[in-house]
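[1] sequence-free structure coming up:
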């Protein structure tokens, strides 16, 4: 049984609490949060505290809070035993300022409050100061996911940027597609199959090979017609991404 | 049995030939292409011609060629019976210059040569000059797909632009994610689950609700750190999309 304490009450923390509770051989013994505002997101049976001085003795302490507060919160952890990990993609391991051993447990997924998550396929990137802790983390990850990756702080930061492109920015392009549909009274559902297919395609083909469309084939006539239909903001994005695709495929527009 | 003639030898034409041949009650009686360069992509048993004057009598003629040539090729079709449709998202129905009836059959999907397509889920947008032809097209579409939409030329054009955002541009963001991974010796497969999840999420949530990330939560510290890790081209895209997301959520960066 691996004993864990969870620190934080946001999106990531609430998803972690759920999977920790569901998993055999993981014992979530305590939950720290500053106040009770998000307690409805957590099982009421988890012992709670709002004092960092009253944390129970555990094998791993998970800090799942906003990036800006990781250093200051970790600084208040005065105990010397156990492993303290944060769950952030963009924060170095050495920004943990606790007395105990340090590590990182970064689940590479986008957590929304209203959407259930299947952890078994989520890649979990781990890092630890020393080999023994890395073995513990790996063992822990294998209890909840099939995809454990050892990734150092530098790699994790770039991975986090890459995830912003393929997740946050991609979702914003979905949003623009939705906007264009709404404006022209077209049901957005009509775009669902091409959205799913575009994502599935790159399981078999590289994104370089999978690229299609007017920018890739240098179809300037269509590009100009498209731009004329867009708002100023949409035009800016269309122009920049078209230029970037054309550059990738070596054509001048 | 609906008799059809196929005009064109590119990606879309070769996928259409396959589904037409596989489908009961569709008889692909002839294939026109300018030359035999792509004949290997087509079943050798389909009767072929390279003369537009020698087209057989059919119920529907499908013009699946590049947008720039639809008008000039259709102009050469001198017969008056039957229905001539093009398969383009961005060309109006009235750019068909044939003597016969006119219509549009636009499958809203991205066709790659090396990727099999399941037509049953592809939305097919139809349009016709007169009601009788629209009934015929609808009947035809129902043989191969469960998603038939009546969409006029103006709507179809904007739908095509929306598809460029959610397909071509999204794929380019995947490409950038891949680039960042390669540069930092991270396997691209690590991003696959978040890519698939991002696409699946918007089946349940609207893209507006599904948005997460530093731009949406106005996390300027992370944004600046991210930019510092990117190439000039990647930075430009990061900055513009971040600005657009921030604007959408009403925050000033």
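    Great, that's in hand. This structure is a prediction, so every number in the text was calculated from the model and none was measured.

[2] Break down the stretch 101-250 of chain A into its strands, ranges please.
    When assigned using DSSP state E, counting those that start in this stretch, the strands of the stretch 101-250 of chain A occupy the ranges A:101-107, A:123-128, A:147-150.

[3] So what sits opposite residue A:32 in the bridge?
    Counting by DSSP bridges, residue A:32 is bridged to residue A:7, residue A:49.

[4] so who does the nearest residue to residue A:139 once chain neighbours are set aside touch?
    The shortest distance from residue A:139 to any residue that is not its chain neighbour, by Cβ to Cβ, 6 or more residues apart in numbering or on different chains, is 7.6 Å, and that residue is residue A:2. In this view, the C-beta of every residue, glycine as well, is placed from N, C-alpha and C. Residues in contact with residue A:2 (Cβ atoms under 8 Å, 6 or more residues apart in numbering or on different chains) are A:25-27, A:59-60, A:136, A:139-140, A:143.

[5] ok, back up a step: would you mind saying which of the strands of the stretch 101-250 of chain A lies nearest residue B:153?
    Using Cβ to Cβ as the measure, strand A:123-128 is the one of the strands of the stretch 101-250 of chain A that comes nearest residue B:153, at 44.7 Å.

[6] The closest one and chain B in contact?
    Yes - taking Cβ under 8 Å from any Cβ of the partner chain as the criterion, strand A:123-128 and chain B are in contact, through A:123, A:125.

[7] Neighbouring strands - and their directions - for that strand?
    For strand A:123-128, the paired strands and their directions (DSSP bridges) read strand A:101-107 (antiparallel), strand A:147-150 (parallel).

[8] doesn't residue A:4 make contact with residue A:25?
    No - no contact is recorded between residue A:25 and residue A:4 when judged using Cβ atoms under 8 Å, the distance being 10.8 Å.

[9] the more surrounded of those two?
    residue A:4 (23 against 10; other Cβ atoms under 10 Å in any protein chain shown).

[10] So that one, which state does it fall into?
    State at residue A:4, reduced to three classes by DSSP: H, G, I helix; E, B strand; the rest coil: strand.

[11] quick one: contacts for it?
    Contacts here follow Cβ under 8 Å, 6+ apart; on that basis residue A:4 touches A:20, A:26-29, A:58-62.

[12] In strands, which of these fall?
    Secondary structure assignment (DSSP state E) places A:26-29, A:60-62 from these within strands.

[13] Out of these, which comes closest to chain B?
    Distance from chain B was checked for each of those by Cβ to the nearest Cβ. The minimum falls on residue A:62, at 19.5 Å.

[14] which one is the closest one nearest to, not counting chain neighbours?
    The nearest residue in space to residue A:62 (Cβ to Cβ, 6+ apart) is residue A:6, at 5.1 Å.

[15] what's the burial count for that neighbour?
    Summarising burial for residue A:6: neighbours were counted as other Cβ under 10 Å, giving 26.

[16] Could you report the separation of it from residue A:54?
    When distance is defined by Cβ to Cβ, to the nearest Å, residue A:6 is 14 Å away from residue A:54.

[17] Which among the contacts of residue A:4 count as buried?
    Under a neighbour-count criterion of 16 or more other Cβ atoms under 10 Å in any protein chain shown, the subset of the contacts of residue A:4 counted as buried comprises A:20, A:26, A:28-29, A:58-62.

[18] Which two of the residues you listed have the greatest separation?
    The two members of the buried ones among the contacts of residue A:4 with the most space between them (Cβ to Cβ) are A:26 and A:61, at 13.5 Å.

[19] residue contacts, the closest residue to residue A:154 other than its chain neighbours?
    Spatial nearest neighbour of residue A:154, chain neighbours left out: residue B:184 (7.4 Å); criterion: Cβ to Cβ, 6+ apart. The contact partners of residue B:184, taken as Cβ under 8 Å, 6+ apart, are A:154-155, A:158-159.

[20] residue contacts, residue A:28?
    When the contact criterion is Cβ under 8 Å, 6+ apart, the partners of residue A:28 are A:4-6, A:17, A:20-21, A:46.

[21] try it again with 10 Å
    Contacts here follow Cβ atoms under 10 Å, 6 or more residues apart in numbering or on different chains; on that basis residue A:28 touches A:2-6, A:16-22, A:42-43, A:45-47, A:58, A:62.

[22] gap between it and residue A:78?
    When Cβ to Cβ is the yardstick, residue A:28 and residue A:78 sit 22 Å from each other.

[23] What of residue A:207?
    Distance, residue A:207 to residue A:78, using Cβ to Cβ: 48 Å.

[24] For those two, work out which one has more neighbours and name it.
    Between residue A:207 and residue A:78, counting by other Cβ under 10 Å, residue A:207 is the more crowded of the two (23 against 11).

[25] show me where chain A has helices.
    Secondary structure of chain A (DSSP state H): helices at A:11-22, A:70-75, A:131-144, A:153-163, A:170-183, A:192-204, A:207-210, A:220-228, A:232-248.

[26] would JSON lines of those helices with distance to residue B:176 and mean pLDDT be doable?
    JSON lines is the format used below for the helices of chain A (distance: least, Cβ to Cβ, whole Å; pLDDT from 0 to 100):
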{"stretch": "helix A:11-22", "distance to residue B:176": "25", "mean pLDDT": "95"}
{"stretch": "helix A:70-75", "distance to residue B:176": "27", "mean pLDDT": "97"}
{"stretch": "helix A:131-144", "distance to residue B:176": "28", "mean pLDDT": "98"}
{"stretch": "helix A:153-163", "distance to residue B:176": "8", "mean pLDDT": "95"}
{"stretch": "helix A:170-183", "distance to residue B:176": "10", "mean pLDDT": "98"}
{"stretch": "helix A:192-204", "distance to residue B:176": "12", "mean pLDDT": "95"}
{"stretch": "helix A:207-210", "distance to residue B:176": "8", "mean pLDDT": "95"}
{"stretch": "helix A:220-228", "distance to residue B:176": "20", "mean pLDDT": "93"}
{"stretch": "helix A:232-248", "distance to residue B:176": "8", "mean pLDDT": "97"}
